[in-house]
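Novice: predicted structure and sequence below. I'll ask about it afterward.
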Amino acid sequence: MKYQLFFLFLFTASLTTAQQYKVGCIGFYNFENLFDTEDDPAIRDEEYTPEGSKAWTPELYESKIDRMAEVVSQLGTELSPDGVSILGAAEVENRKVLEDVAKHPKLAKRGYEIVHYDSPDKRGIDVALLYQPKYYKVTSSRAVPLMIYASDSSRIFTRDILFVSGLYDGEPLHILVNHWPSRRGGEQATRALREAGATVCKGIVDSLTQANPDAKVLIMGDLNDDPVNTSVKKILDCERKVEKVEKGGLYNPMEDLYKKGYGTLAYRDAWSLFDQIILSEGFLSPDEGFNYYKTHIFQKEFMMQKTGRFKGYPLRTHAGGAYLGGYSDHFPVYVFLVKEI
């Protein structure tokens with residue numbers, strides 16, 4: 001297995017040393033309505049067909065695939081030429097669209113493999129995981145249903161939580177990929193739905209860390225909540241500072257970015273940081289194995305609105321019913337992990 005190596009320089013008053021590390025890069029990206037052009041009668045995807053309201057032709061679909069591949073191809077390449085070794089994804093219609101992204105010429109040489117399950121979401125959008133098998137060996141995976149209900153006790157069908165376990169350079173690594181219910185209908189009115197998602201994730205993390213206090217677990221996804229909201233801050237019980245994270249606890253590096261004014265999507269002249277990667281305390285110990293190094297929001301000029309009222313916002317594929325030819329309404333995020341050699 002080959003990892004890109006880099007030098008991290010450590011300074012003291014009287015000595016300068018250099019230590020060599022392996023680098024791992026893991027990310028998450030909301031692909032914003034990555035639908036194929038075929039009408040699936042089991043879901044509400046009619047608008048994403050040639051005859052639908054989006055006039056979603058094969059040519060536009062291929063353009064969308066190219067844009068997704070362009071972004072993914074650049075994630076993390078400042079430290080690893082292979083880019084992201086693992087990428088969580090949201091708002092994908094099915095496995096086929098992921099296969100089309102993975103086999104794109106900009107990504108094909110990385111050999112991404114896919115973990116995907118169809119969710120019961122009425123629109124047909126799912127979460128998934130792309131991974132490079134030379135870095136990560138999947139040993140098990142399952143879709144964890146999010147059982148939430150409306151005021152009339154009817155079930156609200158939304159995205160499952162994807163739970164994947166495997167070996168990252170031979171080291172056990174567990175990943176939870178999420179796309180919690182949106183704020184449509186109002187933040188307060190829908191708050192309990194996202195808190196339910198947080199409760200499910202917290203239960204899985206607790207079971208893993210009770211079995212192994214040093215377990216390495218990543219919670220990632222479009223949480224539709226910011227790092228300071230109750231779902232993340234209270235229910236997941238995430239800490240902003242590394243030194244405050246207790247054994248079996250969770251560290252959220254995104255909270256510091258949020259407090260500094262950074263975000264991954266914008267709405268009504270305000271930035272939110274819904275796209276997050278949260279790490280268990282096992283990534284913070286100076287023991288052998290991979291440890292947390294850095295977090296990034298990937299926001300390049302080519303992915304942004306260039307002019308007008310929404311200048312600087314993510315450049316979307318569609319807005320207001322019009323085709324913009326953009327990328328996504330979310331910026332992707334990624335973390336670097338390092339292992340001392």
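Specialist: Received the coordinates, thanks. Numbers count the residues shown, from 1 in each chain.

Novice: run through the stretch 1-150 of the chain and note the low-pLDDT ranges.
Specialist: In the predicted model, the stretch 1-150 of the chain carries pLDDT under 70 at residues 1-18.

Novice: helices along that one, start to end?
Specialist: 58-74, 95-102 (DSSP state H, counting those that start in this stretch).

Novice: any chance of JSON lines for the ones you listed, columns distance to residue 185 and mean neighbour count?
Specialist: Just so you know, the C-beta spots here come from the backbone N, C-alpha and C atoms, and that holds for glycine as well. Shown next, in JSON lines, are those (distance: least, CB to CB, whole Å; neighbours: other CB atoms under 10 Å):
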{"stretch": "helix 58-74", "distance to residue 185": "28", "mean neighbour count": "18"}
{"stretch": "helix 95-102", "distance to residue 185": "28", "mean neighbour count": "19"}
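
Novice: residue 331 is nearest to which of those helices?
Specialist: Nearest to residue 331 among those is helix 58-74 (9.1 Å), distances taken as CB to CB.

Novice: just checking, what packs against that closest one?
Specialist: Judged by 3 or more CB pairs under 8 Å, 6 or more residues apart in numbering; DSSP states H and E, helix 58-74 is in contact with strand 16-34, helix 95-102.

Novice: how far off centre is the first one?
Specialist: Averaged C-alpha coordinates place strand 16-34 at 12 Å from its chain's average position (CA atoms, centre = their mean, to the nearest Å).

Novice: which parts of it are buried?
Specialist: 21-34 (16 or more other CB atoms under 10 Å).

Novice: return the member of those nearest to residue 304.
Specialist: residue 32 (14.2 Å).

Novice: what strand or helix carries the spatially closest residue to the closest one that is not a sequence neighbour?
Specialist: Residue nearest to residue 32 in three dimensions, not counting chain neighbours: residue 328, with 3.8 Å by CB to CB, 6 or more residues apart in numbering. Residue 328 belongs to no helix or strand when assigned by DSSP states H and E.

Novice: so residue 328 makes contact with residue 29?
Specialist: Yes: counting by CB atoms under 8 Å, residue 328 does reach residue 29; the two are 7.2 Å apart.

Novice: shared neighbours of these two, anything?
Specialist: Residues touching both residue 328 and residue 29 (CB atoms under 8 Å, 6 or more residues apart in numbering): 68, 71.

Novice: if we can go back for a sec, so which of the helices of the stretch 1-150 of the chain is nearest residue 308?
Specialist: With CB to CB as the measure, helix 58-74 is the member of the helices of the stretch 1-150 of the chain nearest residue 308 (20.1 Å).

Novice: which residues does that closest one contact?
Specialist: Under CB under 8 Å, 6+ apart, the answer for helix 58-74 is 29, 31, 34-37, 50, 54, 83-84, 87, 97, 100-101, 104-107, 130, 298, 300, 303, 317, 323, 325-328, 332.

Novice: now the buried residues of strand 16-34 as JSON lines including distance to residue 225?
Specialist: Formatted as JSON lines, these follow (distance: CB to CB, whole Å):
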{"residue": "21", "distance to residue 225": "33"}
{"residue": "22", "distance to residue 225": "33"}
{"residue": "23", "distance to residue 225": "30"}
{"residue": "24", "distance to residue 225": "27"}
{"residue": "25", "distance to residue 225": "25"}
{"residue": "26", "distance to residue 225": "21"}
{"residue": "27", "distance to residue 225": "19"}
{"residue": "28", "distance to residue 225": "15"}
{"residue": "29", "distance to residue 225": "18"}
{"residue": "30", "distance to residue 225": "14"}
{"residue": "31", "distance to residue 225": "20"}
{"residue": "32", "distance to residue 225": "18"}
{"residue": "33", "distance to residue 225": "21"}
{"residue": "34", "distance to residue 225": "23"}
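
Novice: which one of those is nearest residue 221?
Specialist: Looking across these and measuring by CB to CB, the closest to residue 221 is residue 28, at 6.2 Å.

Novice: which strand residues bridge that closest one?
Specialist: Legend: beta-bridge partners of residue 28 under DSSP bridges are residue 88, residue 333.

Novice: got the contact list for it?
Specialist: 87-90, 177, 220-222, 275-277, 332-334.

Novice: highest neighbour count among the residues you listed?
Specialist: Most neighbours among the contacts of residue 28, by other CB atoms under 10 Å: residue 88, with 33 neighbours.

Novice: so what's that one up against?
Specialist: Applying CB under 8 Å, 6+ apart, the residues contacting residue 88 are 27-29, 127-129, 162, 175, 177, 220-221.

Novice: what's the pLDDT at residue 313?
Specialist: As predicted, residue 313 sits at a pLDDT of 96.

Novice: kindly apply the preceding question to residue 269 instead.
Specialist: Among the per-residue scores, residue 269 holds a pLDDT of 84.

Novice: just residue 304 next, same as before
Specialist: pLDDT at residue 304 comes out at 97.

Novice: what about it, how many neighbours?
Specialist: 16.

Novice: and residue 181, helix, strand or coil?
Specialist: State at residue 181, reduced to three classes by DSSP: H, G, I helix; E, B strand; the rest coil: coil.

Novice: got the phi/psi numbers for residue 261?
Specialist: Dihedral angles of residue 261 (phi, psi; degrees, to the nearest 10) stand at phi 100, psi 10.
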